[in-house]
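*Asks:* Pasted the sequence and its predicted model underneath.
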Amino acid sequence: MPDEEILALFDIRSENAIKVMERKYHNYCWKVASNILNCSEDIEECLNDTWFVAWNQIPPVKPRCLSLYLGKIVKNISLNKYDFLHAEKRNCELLDIFTELDELCTEDTVEKKIEDEILLKSIEDFLDKQKSLERIYFIRRYWYGDSLKVISSEYYVSQNKLKVILFRMRKKLRAYLEQEDVVI
């Protein structure tokens, strides 16, 4: 069922909207959550919370892309669950992923929504100008949280080469954001 029809079901508050949405996006959301959490029960709990949040937010929220909207929700819920479960002990691989992006940020990151939207738009513009595979590597690593091993095996590239590509992309992104006068 197309996203527009699913959103129309939400508009009329049909409970069938959740069933259809879950059927269509369960595997996608499971993948996003499983890159953060290891326990299937925790993942399933995050998915249920995702459906609940979507039900409560749509309408009035009208997502342009339902898959990205759900991906963002499940990612945030999964990260919160991860923080709760690992308050004292940290998963080094997950921390490594976010540490790689930390070099772009400073302690005084602007939290205003409008500036966040400008930053997001600038990152999207930057990624649009990159080679297709490099863009895929970047999104798989930093949006989906895929490990270097998974990405390298799926795209037949060595992990070392992938590390270099991602390092250079982060460096180019930083320069691009500075050129665009975007506060990071």
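*Replies:* Okay, I see it.
*Asks:* ok, for residue 35, nearest residue in space, not its chain neighbours?
*Replies:* Nearest non-adjacent residue to residue 35, counting by C-beta to C-beta, 6 or more residues apart in numbering: residue 145, 4.0 Å away. Any C-beta I mention is one placed from the backbone N, CA and C, and that applies to glycine too.
*Asks:* Can you report how many residues neighbour that neighbour?
*Replies:* The local packing of residue 145 (other C-beta atoms under 10 Å) involves 21 other residues.
*Asks:* What are the phi and psi values at it?
*Replies:* phi 70, psi 20 (degrees, to the nearest 10).
*Asks:* from what I can see it touches residue 36, true?
*Replies:* Yes. Counting by C-beta atoms under 8 Å, residue 36 is a contact partner of residue 145 at 5.9 Å.
*Asks:* Which pLDDT value goes with residue 151?
*Replies:* Residue 151 is assigned 92 on the pLDDT scale.
*Asks:* Could I get the contacting residues of the residue nearest to it when sequence neighbours are not counted?
*Replies:* Using C-beta to C-beta, 6+ apart and skipping the chain neighbours, the partner closest in space to residue 151 is residue 140 (5.2 Å). Going by C-beta atoms under 8 Å, 6 or more residues apart in numbering, residue 140 touches 146, 150, 151.
*Asks:* any chance of those in JSON lines, plus distance to residue 86?
*Replies:* Shown next, in JSON lines, are the contacts of residue 140 (distance: C-beta to C-beta, whole Å):
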{"residue": "146", "distance to residue 86": "19"}
{"residue": "150", "distance to residue 86": "21"}
{"residue": "151", "distance to residue 86": "23"}
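*Asks:* filter those to the buried ones?
*Replies:* 146, 151 (16 or more other C-beta atoms under 10 Å).
*Asks:* Between the contacts of residue 140, which sits nearest residue 162?
*Replies:* residue 151 (6.0 Å; C-beta to C-beta).
*Asks:* so that closest one makes contact with residue 137?
*Replies:* Yes. Residue 151 is in contact with residue 137 according to C-beta under 8 Å; the separation is 6.0 Å.
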